[in-house]
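1. with the sequence up front, the predicted model follows.
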Amino acid sequence: SQTIHQWPATLVQPVGSPLSLECTVEGTSNPNLYWYRQAAGRGLQLLFYSVGIGQISSEVPQNLSASRPQDRQFILSSKKLLLSDSGFYLCAWSVGTSGSEQYFGPGTRLTVT
Amino acid sequence: SQQGEEDPQALSIQEGENATMNCSYKTSINNLQWYRQNSGRGLVHLILIRSNEREKHSGRLRVTLDTSKKSSSLLITASRAADTASYFCATGSGNYQLIWGAGTKLIIKP
């Protein structure tokens, strides 16, 4: 069966510090991978998605970046965090090309102080 | 960008009652999906209905889709305390992305 891991679960970082969040998927090959951000009590904002190694599409211009160094690994990074980067970050995977169902990790709660 | 709009934003009902949530969208779709999110957790996929389907059931869940009105409803019958969560609709339109609504927060009172 497929599983998706995200870490860390919670993170408190000062403004201006770097960020690295990691997501890995097991039990599937060549998944589509997604990074979302969710503000408290709000819906999902798609940040990045990837359909293959080294292929990253950015949806929102910001100080975040994403990389996919391996087929089942997706990394979200920042060189300098802003207060506005606080939120709940979710990684998800899917297969196929026609808006198929997505499967989510447990999320990372990021607080920038 | 947001396409789905859930209604109501919040719903509070007694345990055992039925809960109905609605979702409207703006463009043509291949499918519409419903997800549940417990507080502080990731989303869980509940059900997918394709654009050529009108109704689908899964356990206590019933989803309807009206493509002429660009709307869908999720009915949860015989609600339980464990159904307390936020529910999101999302539409798939033939590419890799889903377009998400803002969600309905459902509270089941014991």
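-> It's in.
2. from here on, just use CA atoms for contacts and neighbour counts.
-> Will do.
3. so what's the residue nearest to the spatial centre of chain A up against?
-> For chain A, the residue nearest the mean C-alpha position is residue A:35 (2.9 Å; C-alpha atoms, centre = their mean). Listed by C-alpha atoms under 8 Å, 6 or more residues apart in numbering or on different chains, the contact set of residue A:35 reads A:46, A:47, A:48, A:49, A:76, A:89, A:90, A:91, A:92.
4. and chain A, which of its residues are near chain B?
-> A:32, A:42-45, A:51, A:90, A:96-107 (C-alpha under 8 Å from any C-alpha of the partner chain).
5. give me the phi and psi angles of residue A:39.
-> phi -80, psi 160 (degrees, to the nearest 10).
6. count the neighbours of it for me.
-> 14 (other C-alpha atoms under 10 Å in any protein chain shown).
7. so which bits of stretch A:23-40 are buried?
-> Neighbour-count burial for stretch A:23-40 flags A:23, A:24, A:25, A:30, A:31, A:32, A:33, A:34, A:35, A:36, A:37, A:38 (criterion: 16 or more other C-alpha atoms under 10 Å in any protein chain shown).
8. so which elements touch the least confident helix or strand in chain A by mean pLDDT?
-> Least confident helix or strand of chain A, by mean pLDDT, DSSP states H and E, is strand A:55-58 with a mean of 91. Applying 3 or more C-alpha pairs under 8 Å, 6 or more residues apart in numbering or on different chains; DSSP states H and E, we find strand A:55-58 packed against strand A:44-52, strand A:64-70.
9. quick one: the spatially closest residue to residue A:32 that is not a sequence neighbour and residue B:57, what's the gap?
-> In this structure, residue A:32 finds its nearest non-sequential neighbour in residue A:51, 4.6 Å apart by C-alpha to C-alpha, 6 or more residues apart in numbering or on different chains. Note on residue A:51: its distance to residue B:57, by C-alpha to C-alpha, to the nearest Å, is 31 Å.
10. the more surrounded of the two?
-> Counted by other C-alpha under 10 Å, residue A:51 and residue B:57 do not tie: residue A:51 has more neighbours, with 21 against 14.
11. now the more buried one: how far from residue B:97?
-> 11 Å.
12. which residues of the chain score low on pLDDT?
-> Picking chain A for this. For chain A, the stretches with pLDDT under 70 are A:61.
13. wait, chain B was what I had in mind.
-> Those would be B:1-4, if you go by pLDDT under 70 across chain B.
14. could you redo the last one with a cut-off of 50?
-> By pLDDT under 50, the low-scoring segments of chain B are B:1-2.
15. what parts of it come near chain A?
-> So chain B meets chain A at B:1, B:30-31, B:33, B:40-45, B:48, B:88, B:91-98, B:100-103 (C-alpha under 8 Å from any C-alpha).
16. now these: which count as buried?
-> Applying 16+ other C-alpha under 10 Å to the residues of chain B next to chain A, the neighbour count classes B:30-31, B:33, B:41-45, B:48, B:88, B:91-94, B:96-98, B:100-103 as buried.
17. in strands, which of those fall?
-> B:31, B:33, B:43, B:44, B:45, B:48, B:88, B:91, B:92, B:98, B:100 (DSSP state E).
18. my guess is the fourth one contacts residue A:106. True?
-> No: in this structure residue B:44 lies outside contact range of residue A:106 using C-alpha atoms under 8 Å: 10.0 Å.
19. would you confirm that residue A:94 contacts residue A:102?
-> Yes: using C-alpha under 8 Å, residue A:94 is in contact with residue A:102, at 4.8 Å.
20. picking that back up, list just the nearest of the ones in strands among the buried ones among the residues of chain B next to chain A to chain A.
-> Nearest to chain A among these is residue B:92, at 4.0 Å by C-alpha to the nearest C-alpha.
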